[in-house]
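> Need the 3D shape of this:
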Amino acid sequence: MSSDYERDIAKMLVEKNERLEKLKINPERNSLRIRLLMGEIEALQALFENYNLGMIYFRRARGGRAGLRD
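Numbering: from 1, shown residues only. Below you'll find the predicted structure:
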């Protein structure tokens, strides 16, 4: 089970990693962009991991979201 948030963060991570690989072709010319992009990737990974850690308990709790809709 995954949410829109998880899918969107994962999609952004893929896009940023693809862009990083393209920039690494000529690292001297793109060193600042590479460092900035690596920072963005780290931030997205942290958001993804923190969200998943927070949701583990909620998803495993008896009934999950079902109890919230009553």
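> any idea how far residue 48 lies from residue 56?
Residue 48 sits 13 Å away from residue 56, going by Cβ to Cβ, to the nearest Å. Every C-beta, even on glycine, is put in place using the N, C-alpha and C of the backbone.
> Just the buried residues of the host helix or strand of residue 56, please?
Here residue 56 sits within helix 31-60, counting by DSSP states H and E. The neighbour-count check on helix 31-60 (16 or more other Cβ atoms under 10 Å) flags 34, 37, 41, 44, 48, 55 as buried.
> Mind giving me the packing neighbours of that helix?
Applying 3 or more Cβ pairs under 8 Å, 6 or more residues apart in numbering; DSSP states H and E, we find helix 31-60 packed against helix 4-23.
> Put the alpha carbons of the helix it packs on into PDB.
Listed next in PDB are the C-alpha coordinates belonging to helix 4-23 (Å, rounded to 0.1, in the frame of the first residue of the first chain):
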ATOM      1  CA  ASP A   4       0.100   9.600  -3.400                       C
ATOM      2  CA  TYR A   5       2.700  11.300  -1.200                       C
ATOM      3  CA  GLU A   6       4.900   8.200  -1.400                       C
ATOM      4  CA  ARG A   7       4.500   7.800  -5.100                       C
ATOM      5  CA  ASP A   8       5.200  11.500  -5.800                       C
ATOM      6  CA  ILE A   9       8.300  11.600  -3.600                       C
ATOM      7  CA  ALA A  10       9.600   8.300  -5.300                       C
ATOM      8  CA  LYS A  11       8.900   9.900  -8.700                       C
ATOM      9  CA  MET A  12      10.800  13.000  -7.800                       C
ATOM     10  CA  LEU A  13      13.700  10.900  -6.500                       C
ATOM     11  CA  VAL A  14      13.900   9.000  -9.800                       C
ATOM     12  CA  GLU A  15      13.900  12.300 -11.700                       C
ATOM     13  CA  LYS A  16      16.600  13.900  -9.500                       C
ATOM     14  CA  ASN A  17      18.800  10.800  -9.700                       C
ATOM     15  CA  GLU A  18      18.500  10.800 -13.500                       C
ATOM     16  CA  ARG A  19      19.400  14.500 -13.700                       C
ATOM     17  CA  LEU A  20      22.300  13.800 -11.300                       C
ATOM     18  CA  GLU A  21      23.700  11.100 -13.600                       C
ATOM     19  CA  LYS A  22      23.500  13.500 -16.600                       C
ATOM     20  CA  LEU A  23      25.400  16.200 -14.700                       C
END
